[in-house]
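K.L.:
My questions are about this predicted structure, shown below with the sequence.
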There are 2 protein chains.
Amino acid sequence: YGRPPTPSSVSAKKPRRMVVVRAETINPDIRKTEDKVVDSVVVTELAKPLTAYCRCWRSGTFPLCDGSHVKHNKATGDNVGPLLLKKQ
Amino acid sequence: YGRPPTPSSVSAKKPRRMVVVRAETINPDIRKTEDKVVDSVVVTELAKPLTAYCRCWRSGTFPLCDGSHVKHNKATGDNVGPLLLKKQ
Ligand code: FES
Ligand code: FES
């Protein structure tokens, strides 16, 4: 009598600690009160012949690129960079 | 004689399993053979009044936005979206 033996293939193992790694946000900080951060550029109003827009979500001058993608790429091995808008 | 006792505050603890979480890349797939993915748009050559450029690095039509930011935002709780270029 008593309980049947637990199958040894299960009972012999210590419980595994589960580590759940969630898919990551790519924007940690910028305008997090907005549901979706969308920016518009009226291209006829661009002041300079070349303007760089950030796609790394690390710029201190977002939506413009301030070069912060360089630090992000070095820290993570990533290869992201800006979108360049050219007037000619 | 013999070894001196190990300090109990250290020896009493089981070794901790270290979990090192590395800073994440934001571009998992696009043009990974390039050191830095930079795109240029000559704004006078834009065909349509409104063109959306991807900033989530998930678009199947990168550098253009194909709406994939919606799936990324839902999966991660993120809030990223495209850069809209407007001719007027
Ligand atoms: S600072 Fe983000 S792409 Fe340059
Ligand atoms: S698909 Fe990347 S911003 Fe829309």
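P.N.:
Perfect, I can see it now. Since we're looking at a predicted model, the values are computed, not measured. Numbering: from 1, shown residues only, chains lettered A, B, ... in the order given. Ligands and ions are numbered 1, 2, ... in the order given.
K.L.:
In terms of helix, strand or coil, where does A:A75 fall?
P.N.:
With DSSP: H, G, I helix; E, B strand; the rest coil as the basis, A:A75 sits in helix.
K.L.:
Excluding residues flanking it in the chain, which one is nearest it?
P.N.:
Spatially, and ignoring its direct neighbours in sequence, A:A75 is nearest to B:A23 (5.1 Å; CB to CB, 6 or more residues apart in numbering or on different chains). Quick note: C-beta positions are derived from backbone N, CA and C, even for glycine.
K.L.:
And A:V38, by the same measure?
P.N.:
Closest residue to A:V38 apart from its sequence neighbours, by CB to CB, 6+ apart: B:G81 at 4.0 Å.
K.L.:
Would you confirm that A:P82 contacts A:T51?
P.N.:
No. Between A:P82 and A:T51 there is no contact under CB atoms under 8 Å: 9.2 Å.
K.L.:
Give me the more crowded residue out of these two.
P.N.:
A:P82 (24 against 18; other CB atoms under 10 Å in any protein chain shown).
K.L.:
how about the helix or strand hosting the more buried one against ligand 1, any contact?
P.N.:
A:P82 belongs to strand A:80-86 when elements are defined using DSSP states H and E. Yes. Contact of strand A:80-86 with ligand 1 (CB under 6 Å from any ligand atom) involves A:G81, A:P82.
K.L.:
At the geometric centre of chain A, which residue sits there?
P.N.:
Residue closest to the mean C-alpha point of chain A, counted by CA atoms, centre = their mean, is A:I26 at 1.4 Å.
K.L.:
roughly how far apart are that residue and ligand 2?
P.N.:
In this view, A:I26 and ligand 2 are 10 Å apart by CB to the nearest ligand atom, to the nearest Å.
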